[in-house]
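Engineer: I would like to see how this sequence folds:
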Amino acid sequence: GTLRVGVVYCIPVNCVVPVMTQLVEQGVRVQLAGGMTDSLRRDVAAGELEFALIGLFKPPGEGLAWESLADDPMQPMAPKGHPLALPRRAVPWRELAQARWIVTGRQTSTFTEYQRNFEARGLQAPEPAVLSLSSLLGGELARTTRSLVLMPRSALRDPSSRAAAFARVQPVGGWQSERSIGLVYRDGGYLGPPAQQAMSLLRKRLRKLD
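Structural biologist: As a prediction, this is how the structure comes out:
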């Protein structure tokens, strides 16, 4: 059969590609699905994927098992040279509230966390210039429009990531994020030998990120 795996956008390529390469060389056929956390979680619950490697802010809900493998908080980033991304500068929250932002859709956990960070400082989160469910498109638009964007910490460790064109924005008191990356699969569902092997290999690689 075919191993059907979901991989959320922004997972480091060097964590996934060696694992899939090893499986392919062993004769396993692999079907990879990319997407956002919410869509991949639904596909796993529906049995369309055997498991998915995703980022979560809280357990996925009834019927799904979750293994958190590494902390991977979101953090604000800006194109290099942006005035809010100067080295060693702690940015006041009022300046962040006046900045242009690109954020994922309103129904995502990332958007909820975005709002909570501003609310915790007694501020209203700025209305994003773009709501994007594509991390690649959102990142490119952030670069061309000189906007702030939220990226997972793991993206900075991925040599193939577009994060190299961005610098970290450091708010006063820091940005609070509870996101972690890990494996989600159906609780009690059958996982064939290729899926079990893939998950075992991914566990070893992802735990090194912590």
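
Engineer: could you name the helices and strands sitting against the helix or strand bottoming out on mean pLDDT in the chain?
Structural biologist: One helix or strand of the chain scores below all others by mean pLDDT, DSSP states H and E: helix 135-145, with a mean of 84. If you count contacts as 3 or more CB pairs under 8 Å, 6 or more residues apart in numbering; DSSP states H and E, helix 135-145 packs onto strand 74-79, strand 101-103, strand 130-131, strand 148-152, strand 166-168. The way it works is simple: take the backbone N, C-alpha and C, and place the C-beta from them, glycine included.

Engineer: tell me which of those is the most buried.
Structural biologist: strand 148-152 (a mean of 25; mean count of other CB atoms under 10 Å).

Engineer: what strands flank that strand, and is each parallel or antiparallel?
Structural biologist: Sheet pairing for strand 148-152, assigned by DSSP bridges, gives strand 74-79 (antiparallel), strand 101-103 (parallel).

Engineer: SS state for the residue lying farthest from the centre of the chain?
Structural biologist: Centroid-distance maximum for the chain: Gly27 at 29.6 Å, with CA atoms, centre = their mean. Classification of Gly27 by DSSP: H, G, I helix; E, B strand; the rest coil places it in coil.

Engineer: now swap in Arg42 and tell me
Structural biologist: helix.

Engineer: Leu86 - how many residues pack around it?
Structural biologist: Using other CB atoms under 10 Å, Leu86 has 13 other residues around it.

Engineer: distance of it from Gly174?
Structural biologist: Plainly put, Leu86 is 17 Å away from Gly174 if you go by CB to CB, to the nearest Å.

Engineer: contacting residues for Arg157?
Structural biologist: Listed by CB atoms under 8 Å, 6 or more residues apart in numbering, the contact partners of Arg157 are 12, 209.
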